[in-house]
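Enquirer: Provided below for reference: sequence and predicted model.
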Amino acid sequence: DVKVTQSSRYLVKRTGEKVFLECVQDMDHENMFWYRQDPGLGLRLIYFSYDVKMKEKGDIPEGYSVSREKKERFSLILESASTNQTSMYLCASGLPPDLSYEQYFGPGTRLTVT
Amino acid sequence: KNQVEQSPQSLIILEGKNCTLQCNYTVSPFSNLRWYKQDTGRGPVSLTIMTFSENTKSNGRYTATLDADTKQSSLHITASQLSDSASYICVVSGNFGNEKLTFGTGTRLTIIP
């Protein structure tokens, strides 16, 4: 069974704090993704990575950065949290698309910035 | 602009009944269409993935259909169970990879005993 875990289910941070969200997958997947999910908007891609040390901007990268030092771990960083970054954050992993279209999602981190 | 529209936004049905959820999309080019189930407070879980050449795919009591000509898909749930209560999200891929996915906003399904 593929397992994607996220470091926290719920997180409350203050405006201006630096926030780290961690994601770990145990299936040796090359591809990893960070999304945010807001009511009425669907999932939106923040950043993705196809390999260690590689990162690509998604549709809404502003205010975020990422780090992928090891294949199994993909971190999302909010350099200076703001209230409009209050959201559900979902991590996903998958194989290269020539092998499989499947994406496996983690349980999500609900972040509240006050 | 690539869009995925789902209907209805929410649906309440009695346990044991069937239901059908709709998905219309304007994504182009088209690679594949997926249906996900998302329980409250959880990440989405894949139900089916269909490419251009597939028009029906089943996963247990879930059957998805795809009409690539009219750009419509449906998800049919047979003999609903309380555990089917969840949001169902339609996702369309515009290219070969997973970085160009367009997500619908989901249909919230509630099964009542």
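Expert: Received the coordinates, thanks.

Enquirer: what about the most centrally placed residue in chain A, distance to B:Gln22?
Expert: Residue closest to the average C-alpha location in chain A (Cα atoms, centre = their mean): A:Trp34, at 2.7 Å. Applying Cβ to Cβ, to the nearest Å, the value for A:Trp34 to B:Gln22 is 29 Å. Using the backbone N, CA and C atoms, a C-beta is placed for each residue, glycine as well.

Enquirer: do the same with A:Glu72
Expert: 38 Å.

Enquirer: which stretches of chain A have low pLDDT?
Expert: A:1-2 (pLDDT under 70).

Enquirer: so which bits of it are right by chain B?
Expert: A:4, A:9, A:31, A:33, A:40-45, A:48, A:56, A:58, A:90, A:92, A:94, A:97-98, A:101-108, A:110 (Cβ under 8 Å from any Cβ of the partner chain).

Enquirer: so what sits opposite the residue in chain A that chain B sits nearest to in the bridge?
Expert: Using Cβ to the nearest Cβ, the closest approach of chain A to chain B is made by A:Phe105 at 3.2 Å. Beta bridges link A:Phe105 to A:Ala92 when assigned by DSSP bridges.

Enquirer: ok, the one 4 residues further on next?
Expert: Applying DSSP bridges to A:Thr109 yields these beta-bridge partners: A:Tyr89.

Enquirer: so what's the residue count around it?
Expert: Residues near A:Thr109, counting by other Cβ atoms under 10 Å in any protein chain shown, number 22.

Enquirer: coming back round to it: give the bridge partners for the residue nearest to the centre of chain A, please.
Expert: With DSSP bridges as the rule, A:Trp34 is bridged to A:Tyr47, A:Cys91.

Enquirer: which ones are touching it?
Expert: Residues in contact with A:Trp34, defined by Cβ atoms under 8 Å, 6 or more residues apart in numbering or on different chains, are A:21, A:23, A:45-48, A:58, A:64, A:66, A:74, A:76, A:89-91.

Enquirer: how much space between it and B:Ser74?
Expert: In this view, A:Trp34 and B:Ser74 are 30 Å apart by Cβ to Cβ.

Enquirer: ditto for A:Lys55
Expert: 37 Å.

Enquirer: what do you get for B:Phe52?
Expert: 17 Å.

Enquirer: cool, and A:Thr15?
Expert: Distance from A:Thr15 to B:Ser74, by Cβ to Cβ: 44 Å.

Enquirer: now the strands for the chain?
Expert: In the absence of a named chain, this looks at chain A. A:4-6, A:10-13, A:19-25, A:31-38, A:42-49, A:56-57, A:64-70, A:73-78, A:87-94, A:104-105, A:109-113 (DSSP state E).

Enquirer: oops, wrong one, chain B.
Expert: With DSSP E as the criterion, chain B has strands at B:4-7, B:10-14, B:19-25, B:32-38, B:45-51, B:56-59, B:62-67, B:72-77, B:86-93, B:101-103, B:107-112.
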